[in-house]
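# Got a predicted structure plus its sequence, pasted below:
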Amino acid sequence: MARSEEYNVFDGLTNRLGQVFDRLKRRGALSEADVTAALREVRVALLEADVALPVVKAFIDGVREKAIGQEVLRSVTPGQMVVKIVHDHLVETLGGDADLATNVVPPAVYLMVGLQGSGKTTTTAKLARRIQRRDKKKVLVASLDIYRPAAMEQLKQLASQAEVAALDIVPGEKPLAITARALDRARREGFDLLLLDTAGRLTIDEELMAEVAAVRDLATPHEILLVADAMTGQDAVQTAKGFHEKIGLTGIVLTRVDGDARGGAALSMRQVTGCPIKAIGVGEKLDQIEEFHAERVASRILGMGDVVGLVERAAESIDREEAEKLAAKMQKGSFDLDDMAQQLRQLRKMGGLGGVMGMLPGIGKIKEQLAGAKVDEGMLKRQEAIIQSMTPKERRDAKLLNASRKLRIAAGSGTTVPDINRLLKQYMEMSRVMKQMGKLGQKGVMRQGLGSLFRR
């Protein structure tokens, strides 16, 4: 399932806080009554987002103390000053940034714990894939879940898809024996990281905790990561608290952050458990996991966007060699339909139109208009299908596309002739801009500005 928009889990909170701060920023000066009234609405918004009551109380008290100070009430832009104070407290509540332990004497061991159904096994494969690709570490995964049918086979298949090594399955082997064998292989074969996927239960029980504690004592892990489902709200917070008290967590990985939960679990986790959120799952695919950055999440909750995250995602998604080839073509002023198909694929890798737009500052204010415009995420796939249904010669020269060819392409791609005409119109506009860039050159574009590309 493609992610249509990042961090949907915070949407409700973003909308409510946006309304509060828009009213504040329209005022020339603020009184204590204005700030008190705004904080009352912030409190309601946080409670509606399922944030734990003690966390809400501490948050509001901390903001009020600074927001009613004279430096705010006399500020040139008091409304914006209050937004900054709330932003800073959100960052503090979310716990700042905490990196995963990767630069340690190998093999580093991650113990993955959590309840059944939290996405623990998939998250294990996602983390393994990300660390192996991004940090260039040699990673091994092993399943200790001997209770859930096919759990071991599931991790083995996911590891194969992620292109990471998985420990061989030995029928009837107990979790401690699997752990010892995994540690031995990791040491002998020079693995940098070993991820141990422990068994989950429907609820926290003594048997589960005793088994995890025994594995912990044998493996002496560098990270004990609780995988918690953001959709379960305060139940996830209580689960985290229980595991931390019994096992001693080093961090939390929140899954299904792209879902329609209310965001309270993420805001409460750090305060209630004292453990940092180290990563978040933002979709079902193996590449849809990200480090947790409190500053960026706070900015997005307040509608400020996450431009740094967008740039990082582009760097991860875009093939450098292909980008250089396209740049060379642009300099020559040539841009064909194959190039356009490549651009469509890159956009889909970055999360589609919604995934990119959700990271832009101020986008929350036009979400309703965007919804009304019915931006169709499937359009990118249809456009790719249209181009793939063309012959190589047609992709190189769009002028060949007469009425009969368009009918053939429409039948082959499951689209209509008007769909093809819209794609060709879009292509012609892109091609015009690319040719203009080629004529101006990099210095010309910089000198005359991007506006020069869009002058007829």
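Noted; the coordinates are in hand.
# which residues of the stretch 51-200 of the chain fall in helices?
Here the stretch 51-200 of the chain has its helices, by DSSP state H, counting those that start in this stretch, at 53-67, 70-73, 78-94, 120-134, 151-162, 175-188.
# I'd like the ones you listed laid out as TSV, including distance to residue 412, mean neighbour count and mean pLDDT.
C-beta: built from backbone N, CA, C; applies to glycine. Formatted as TSV, the helices of the stretch 51-200 of the chain follow (distance: least, Cβ to Cβ, whole Å; neighbours: other Cβ atoms under 10 Å; pLDDT from 0 to 100):
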stretch	distance to residue 412	mean neighbour count	mean pLDDT
helix 53-67	56	17	84
helix 70-73	63	14	56
helix 78-94	49	20	75
helix 120-134	34	23	94
helix 151-162	29	19	95
helix 175-188	49	17	96
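# could you redo the ones you listed as CSV and give each row distance to residue 140?
Below are these laid out as CSV (distance: least, Cβ to Cβ, whole Å):
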stretch, distance to residue 140
helix 53-67, 38
helix 70-73, 53
helix 78-94, 32
helix 120-134, 8
helix 151-162, 9
helix 175-188, 5
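# Which of the ones you listed sits closest to residue 35?
With Cβ to Cβ, the closest approach to residue 35 among the helices of the stretch 51-200 of the chain belongs to helix 53-67: 4.9 Å.
# what packs against that closest one?
Secondary-structure packing of helix 53-67 (3 or more Cβ pairs under 8 Å, 6 or more residues apart in numbering; DSSP states H and E): helix 32-48, helix 78-94, helix 264-273.
# contacting residues around it?
35-36, 39, 42-43, 46-47, 51, 72, 81-82, 85-86, 89, 92-93, 267-268, 271-272 (Cβ atoms under 8 Å, 6 or more residues apart in numbering).
# tilt between that helix and helix 32-48?
160 degrees (axes from the mean of the first three to the mean of the last three Cα atoms, to 10 degrees).
# could I have helix 53-67 exported to CSV, CA atoms only?
The C-alpha trace of helix 53-67 is given here as CSV (Å, rounded to 0.1, in the frame of the first residue of the first chain):
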residue,chain,number,x,y,z
LEU,A,53,-3.1,13.4,30.8
PRO,A,54,0.1,13.9,32.8
VAL,A,55,2.0,14.7,29.6
VAL,A,56,-0.6,17.3,28.6
LYS,A,57,-0.5,18.9,32.0
ALA,A,58,3.3,19.2,32.1
PHE,A,59,3.3,20.4,28.5
ILE,A,60,0.7,23.2,29.1
ASP,A,61,2.4,24.3,32.3
GLY,A,62,5.8,24.6,30.6
VAL,A,63,4.4,26.5,27.7
ARG,A,64,2.3,28.9,29.9
GLU,A,65,5.3,29.7,32.1
LYS,A,66,7.2,31.1,29.1
ALA,A,67,4.3,32.3,27.0
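# Could you tell me the angle between it and helix 78-94?
Using the same axes, to 10 degrees: helix 53-67 against helix 78-94 is 140 degrees.
# Next, the angle helix 264-273 makes with helix 53-67.
Going by the same axes, to 10 degrees, helix 53-67 makes 90 degrees with helix 264-273.
# what's the closest non-adjacent residue to residue 98?
residue 276 (3.5 Å; Cβ to Cβ, 6 or more residues apart in numbering).
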